[in-house]
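# No letters, just coordinates:
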């Protein structure tokens, strides 16, 4: 392509440097260590062309012409000023030439390696000694003065002082980053700036994995979803390091070539041509290609990149095993399928993630505006496109290019268009991954995209297994390996694996389903309100429909015709949430395997309701009065939920449900009659009668061999619970709180091994508790029950007692806690504990995480509390007589609450406390209404000051919430924005500011309660 005159002029005006960097150093000080490492990092990995004089270069009394020319042909110079640098006239002559050539360009970078900059600037220390020697050698005064002047100039420049870095590696990394930014415009890839956006972190990570200085041979995978930038990173790596290998080859589009020709011979020839040359014609099939690859490359240092591999045999034919290549070889494979790497024995890989918001904006702008920021008036529109692309480079490039040089009206129109239809330039590359799936994997992918994105992984697996009659776990694993699904951790309140996928992957799935037919009733999956409404209003359902899911955030009444179900003989799964139908279904397809229908409109299930394949039935909040009469067979039903069915008065006969595992009847307030067949459900694991307030009588005995969870919580009319059959050895959670039971049956002894959680809150038990040696949590809140011996509860993880004061004190006596080493939570709030009631050995609770002592009457606490090494929550609210807070544990996180401790006067070891709090990763301290607490030591101010010092030094990489509430009346002066009143306006730094740590607030307030 011809260059424009503007382009030519630009090229002609840009200097063509032979070297990016000239290294000046004193060999005897640094050559074998620091210089060797720095040179390798610059020249070998970063492909920054660096000139370093060789040790066999002829030396004389004056600098050689080769070195003078190298300085002139270098873009910048790094001067490594070490203790003996000035003793070499050669080094000083180099320095003079560097200053002469580069001072005006500001391209001199000094490194003060083992010397102070002031020594160089003023020629003191070893530099003074060196110049004394030069004078003795009768070097002219003019030359000496020139050297001194040049040293002073260089010492006044910004550079690096080695003593400011923890290690040499850290120093070199900082130097390389700076040099890279300076020489980057001169590298080849400056012609393609969009390739570099967001690539630095990936390249740094790959640099570690490649370890090009190691002499082993190494296979490395680059994985990620389509369009994420795998090929771009591979191209960058190839360009930067290929010149260091004897043979280098980039085999592009392996998947496409193989799909077209069903052979890899052409790619084998491409790999072997640099070695075989004219003899390449001998490679006429894959077998001979494999033979020549092993024969010709086994002693060569090879860089080979296989781009877009999708089948195992491609790896076996093209690269085989490590012994096919010589020592130091690097084989890089890009693929969407992580499983291929594992199957080929490749255990080193890098997964490419999407771009950050800033990177995405830059890449989009480079394509839409041909510069790195949006033009005026286009920022908000650009952000809407970014939200659509979700960091996918392919989408950002396609969208940006399509909008180049267009007005805002076209941009707005394009936004409307992409919401309706995925651009084919994005759709087609993404669909390649889908086309490579088998039938089951495609089915799972479409189901997750249409119905289950954002749900828990285990929940999705259960739904898929039940609705599709498959084992979906392996299929999901394959989709994750192919970057079509992701599993993300959700940590609040529990750690759960969440099923996610890129928004554009989801849109591709929607497009695939939409392409099945223009008529919604002829598609496999329905999830859009308008499509579902169309099918039911016009009765256009067909056997093609496999699943219908519609979840609404609020209740909506719909006038839909349930007759549409009669034609859906392939329907497997329905889920209606917050839909109130005006009509009731008289028929449901026999193919159904899962029904989730909240607010079910009918009082009864359809008369013909006999679904042999049904595995899940959820009809919570419905109008059901009765499920069915007599016996019905549901041989595969595992899950039944009719919770909050206010009109349900009796349970059905469960005899025909041999596989039932979970039964939820929570909140059925008018439920009275429990069919006795419930007692012999052998596979039932969960039984929930919570808040069934009309139940009085239960079966006299239960024989549920598999039962693990049994709740009668809030069943206020239940006075007697069933006897437990001896074979019930799995029941671990028993909730009897809020019942009227007066005794626990003696058969509970058969639960001694399994029972871990027992809740007796609010009960009126008269008999002492049976000791459960594996009990981990016992709740006695609002109960007058108490254990006969605490020593029998050595396995407890938590004890809870009433938070409300009772007319009669509990009479708790804890002589020792040394048996409760597994205790995680101890709640003794409002137990009328006085001075000395808490054992001195409380510090032996080595696992304790939470300690609640609210509303008690002690004056002080045992000093051993400081030994609670796992404690993170310590609550002493309303301990009105407490006067002294003891020394606290030195843990990584700690939350202390002494609110309303109105007698609290002082803290133990305040200076030690301030230092400890300041260094905690996550802490809070709240002392509201503690007005007797004197802060004469100023420890809270020291805490804040220490935190700020550590934060500004980067000691808090992620600042968690840290706050102190303390009696006082003044705000420290270093809060530089202050105001009186109810509000404060603060100007925040721009989003591009990377040095912003966070916000520190201080509020002085008065409590008028």
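Ah, there it is. No experiment lies behind these values; they were computed from the predicted model shown.

# the domain parsing of this protein - what is it?
With domains defined by automatic domain parsing, the chain comprises 17-186, 191-351, 357-420, 434-514.

# Export these as a markdown table, with columns for mean pLDDT and mean neighbour count.
All C-beta spots, glycine's among them, are computed from the backbone N, C-alpha and C. Output for the domains of the chain, formatted as a markdown table (pLDDT from 0 to 100; neighbours: other CB atoms under 10 Å):
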| stretch | mean pLDDT | mean neighbour count |
| --- | --- | --- |
| domain 17-186 | 85 | 17 |
| domain 191-351 | 86 | 18 |
| domain 357-420 | 87 | 17 |
| domain 434-514 | 87 | 18 |
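
# Which of those domains sits closest to residue 543?
For these, proximity to residue 543 was assessed by CB to CB; domain 434-514 is nearest, at 16.0 Å.

# rewinding a little: which stretch among the domains of the chain comes nearest residue 977?
Comparing these by CB to CB, domain 357-420 comes nearest, at 26.5 Å.

# Using the three-state scheme, assign the most far-flung residue of the chain relative to its centre.
Farthest-out residue of the chain from its mean C-alpha position, per CA atoms, centre = their mean: residue 138, at 67.8 Å. Of the three states, residue 138 takes coil under DSSP: H, G, I helix; E, B strand; the rest coil.

# and what of residue 445?
Under three-state DSSP, residue 445 comes out as helix.

# distance of it from residue 462?
Distance of residue 445 to residue 462, computed by CB to CB, to the nearest Å: 18 Å.

# residue boundaries of the helices in the stretch 201-350 of the chain?
Assignment of helices within the stretch 201-350 of the chain using DSSP state H, counting those that start in this stretch yields the ranges 230-241, 254-261, 265-276, 286-297, 312-318, 338-343.

# and the fourth one, how far from the chain's centre?
I take that to be helix 286-297. 44 Å (CA atoms, centre = their mean, to the nearest Å).

# quick check: angle from it to helix 265-276?
Relative orientation of helix 286-297 and helix 265-276, computed by axes from the mean of the first three to the mean of the last three CA atoms, to 10 degrees: 30 degrees.

# now what about stretch 363-383, what contacts it?
Stretch 363-383 has contacts (CB atoms under 8 Å, 6 or more residues apart in numbering) with 193-194, 197-198, 355, 361-362, 385-386, 389, 393, 396-397, 399-401, 403-404, 408, 411-412, 415.

# Next one, pLDDT for residue 813 please.
Turning to residue 813, the model gives it a pLDDT of 47.

# whoops, residue 911 was the one
Residue 911 carries a pLDDT value of 54.

# now do residue 804
44.

# change the start of the numbering to 263 and stick with it
Right, with 263 as the first residue, what we last looked at is residue 1066.

# Please tell me how far residue 625 sits from residue 822.
46 Å.

# Same check on residue 978?
Residue 978 sits 39 Å away from residue 822, taking CB to CB as the criterion.

# swap in residue 868?
Applying CB to CB, the value for residue 868 to residue 822 is 16 Å.

# and if you look at residue 332?
Computed as CB to CB, the residue 332 to residue 822 distance reads 82 Å.

# repeat for residue 413
88 Å.

# you'd agree residue 937 is up against residue 914?
Yes. Residue 937 lies in contact with residue 914 (CB atoms under 8 Å); the separation is 6.4 Å.

# Compare the two (neighbour count), which wins?
residue 914 (21 against 13; other CB atoms under 10 Å).

# that's a helix at that one, yeah?
No. Under three-state DSSP, residue 914 sits outside any helix and is assigned coil.

# mind checking how far it is from residue 906?
To residue 906, residue 914 is 17 Å away according to CB to CB.

# Show me the shaky parts of the stretch 963-1112 of the chain.
Applying pLDDT under 70 to the stretch 963-1112 of the chain picks out residues 1028-1037, 1042-1084, 1093.

# can you tell me the helix or strand for residue 358?
helix 351-364 (DSSP states H and E).

# Adjacent strands (with direction) for the longest strand along the chain?
For the chain, the strand with the greatest residue count under DSSP state E is strand 809-820. Applying DSSP bridges, strand 809-820 is found paired with strand 787-788 (parallel), strand 835-843 (parallel).

# Let me see the contact set for residue 385.
If you count contacts by CB under 8 Å, 6+ apart, residue 385 has them with 348, 393, 410, 413, 414.

# Can I get those in a markdown table including secondary structure and distance to residue 509?
Converted to a markdown table, the contacts of residue 385 look like this (DSSP: H, G, I helix; E, B strand; the rest coil; distance: CB to CB, whole Å):
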| residue | secondary structure | distance to residue 509 |
| --- | --- | --- |
| 348 | helix | 45 |
| 393 | helix | 52 |
| 410 | helix | 51 |
| 413 | helix | 46 |
| 414 | helix | 50 |
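
# mind putting those residues in CSV, distance to residue 796 included?
Putting the contacts of residue 385 into CSV (distance: CB to CB, whole Å) gives the following:
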residue, distance to residue 796
348, 86
393, 92
410, 88
413, 83
414, 83
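
# re earlier: looking at the strands paired with strand 809-820, which one is packed in the most?
Mean neighbours per residue, mean count of other CB atoms under 10 Å, is largest over these for strand 787-788, with a mean of 26.

# If we go by neighbour counts, what in the very next helix or strand once past it is buried?
Downstream of strand 787-788, the first helix or strand assigned by DSSP H and E is helix 791-800. Judged by neighbour count using 16 or more other CB atoms under 10 Å, the buried positions of helix 791-800 are 793, 794, 795, 797, 798.

# Now do the helices for the stretch 1063-1212 of the chain: every range, in order, please.
With DSSP H, counting those that start in this stretch as the criterion, the stretch 1063-1212 of the chain has helices spanning 1172-1181, 1201-1214.

# Comparing the ones you listed, which yields the minimum mean pLDDT?
Among the helices of the stretch 1063-1212 of the chain, helix 1172-1181 carries the lowest mean pLDDT, a mean of 55.

# does residue 854 really touch residue 873, like I thought?
Yes. Assessed by CB under 8 Å, residue 854 is found in contact with residue 873 at 5.5 Å.
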